[in-house]
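Asks: Fold the following for me, if possible:
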Amino acid sequence: MPKPPKTPRVLIYDIETAPAIGLFFGKPYDVNIAKIIQHEYVFGFAYKWLGESKIHTCYIWDFPLYKKEKANSIEVIKKWAALATEADVLVGHNSDSFDYKQMHGRLMLYKLPPIPKPQMFDSKKAAKQIGYYASNKLDDLGEMLGLGRKMKHDGIELWWACMNDEEKAKKHMVSYNKRDVKITEALYLRQRPYTTNHPNLANIAERPEACPVCLSEEGMLAQGWRKTKTGKFRRWQCKACGSYVSNRRAEKGTVRPDYV
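Replies: Below you'll find the model as predicted:
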């Protein structure tokens, strides 16, 4: 009996961190921090699995440890590590430079086991690769593309209130975080057909006839050739999402697709 097709696990996530606290001399707009009193730490993160509707959250104040050590995010990092290990692809905005490094770096900080690095899709990097926009911030892209805007807040005062354990601020932070995940997912789905660096979902799912971008099996239309100095490669377009992909190997004629 053949195995059922695997569905790739795509995790969309966004983290929130507390700012560092430091000592400085001089004017606040021209600062040289003389001493760091408290380093950044992770408040928590919101996440959802692609294809599911519920947005979940995991925050330091969800765990008993918070009563003793309010800046200790080890339980949050453990949860993130378990999810990242389960995921085939991680999706986030500016996640390659910030979210992933913040979370992954704390594995070593807390002496937690390393995890295998999943494939990643950074929607901020994708925006830069797809075209030119006046701003690649999530809020600006969300507004420009009609995907929604980030939740309004009181700036650094919200983060400071969360650091001081104010319940109203903590609830607002969680809602703010969930909204970011919702917009990130919408942006990711809009970007998929236009980017050239999307992970090959068909390869992950072991479904060679499916679209490597959206996994549709509606079919791929032959769309000529992509020609380079070393050869020509058959080009295909997905009937469902419209994305273009090319064969990995140079061919002389029409062949069964071997998608990049």
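Asks: what distance separates the worst-scoring helix or strand of the chain on mean pLDDT from the middle of the whole chain?
Replies: Taking mean pLDDT, DSSP states H and E as the measure, the helix or strand of the chain with the lowest value is strand 220-227, at a mean of 82. Between the centre of strand 220-227 and the centre of its host chain there is 30 Å, according to Cα atoms, centre = their mean, to the nearest Å.
Asks: Could I get the buried residue list for it?
Replies: Of all the residues in strand 220-227, those buried under the rule 16 or more other Cβ atoms under 10 Å are 220, 226. The way it works is simple: take the backbone N, C-alpha and C, and place the C-beta from them, glycine included.
Asks: Adjacent strands (with direction) for that strand?
Replies: The sheet places strand 220-227 alongside strand 232-238 (antiparallel), with pairing taken from DSSP bridges.
Asks: Quick one: end-to-end distance for stretch 50-61.
Replies: With Cα to Cα, to the nearest Å as the measure, stretch 50-61 spans 26 Å from end to end.
Asks: Kindly report the same for stretch 45-56.
Replies: With Cα to Cα as the measure, the ends of stretch 45-56 fall 9 Å from one another.
Asks: what's the model's confidence in it, averaged?
Replies: Taken as a whole, stretch 45-56 carries a mean pLDDT of 97.
Asks: Outline the domain layout of the chain.
Replies: Structural domains annotated on the chain: 10-191, 201-246, as defined by automatic domain parsing.
Asks: what about the longest one, distance to the chain center?
Replies: The chain centroid and the centroid of domain 10-191 are separated by 10 Å, computed with Cα atoms, centre = their mean.
Asks: With the last one instead?
Replies: Counting by Cα atoms, centre = their mean, domain 201-246 is centred 24 Å from the centre of its parent chain.
Asks: any idea which of the domains of the chain scores lowest on pLDDT?
Replies: For the domains of the chain, the weakest mean pLDDT is recorded on domain 201-246, namely a mean of 87.
Asks: Which strand or helix spans the closest residue in space to residue 19 that isn't next to it in sequence?
Replies: Here the nearest residue to residue 19 in space, its sequence neighbours aside, is residue 159; by Cβ to Cβ, 6 or more residues apart in numbering that works out to 5.8 Å. Using DSSP states H and E, residue 159 falls within helix 156-163.
Asks: can you pull up the bridge partners for the most centrally placed residue in the chain?
Replies: In the chain, the residue lying closest to the centroid (Cα atoms, centre = their mean) is residue 92, at 1.6 Å. The partner list for residue 92 in beta bridges (DSSP bridges) reads residue 122.
Asks: With residue 16 instead?
Replies: According to DSSP bridges, the partner residues bridging residue 16 are residue 44.
Asks: before we move on, what about the one 5 residues further on?
Replies: Assessed by DSSP bridges, residue 21 has beta-bridge partners residue 38.
Asks: just checking, it touches residue 38?
Replies: Yes. In this structure, residue 21 sits in contact with residue 38. The criterion is Cβ atoms under 8 Å, and the distance is 4.2 Å.
Asks: Give me the neighbour count for the nearest residue to residue 83 once chain neighbours are set aside.
Replies: Spatial nearest neighbour of residue 83, excluding adjacent residues (Cβ to Cβ, 6+ apart): residue 11 at 5.9 Å. Applying the criterion other Cβ atoms under 10 Å, we find 20 residues in the vicinity of residue 11.
Asks: just residue 179 next, same as before
Replies: Number of residues near residue 179 (other Cβ under 10 Å) recorded here: 19.
Asks: so who does the nearest residue to it once chain neighbours are set aside touch?
Replies: Closest residue to residue 179 in three dimensions, ignoring its sequence neighbours and counting by Cβ to Cβ, 6+ apart: residue 151, at 4.6 Å. Under the criterion of Cβ atoms under 8 Å, 6 or more residues apart in numbering, the contact partners of residue 151 comprise 172, 175-176, 179.
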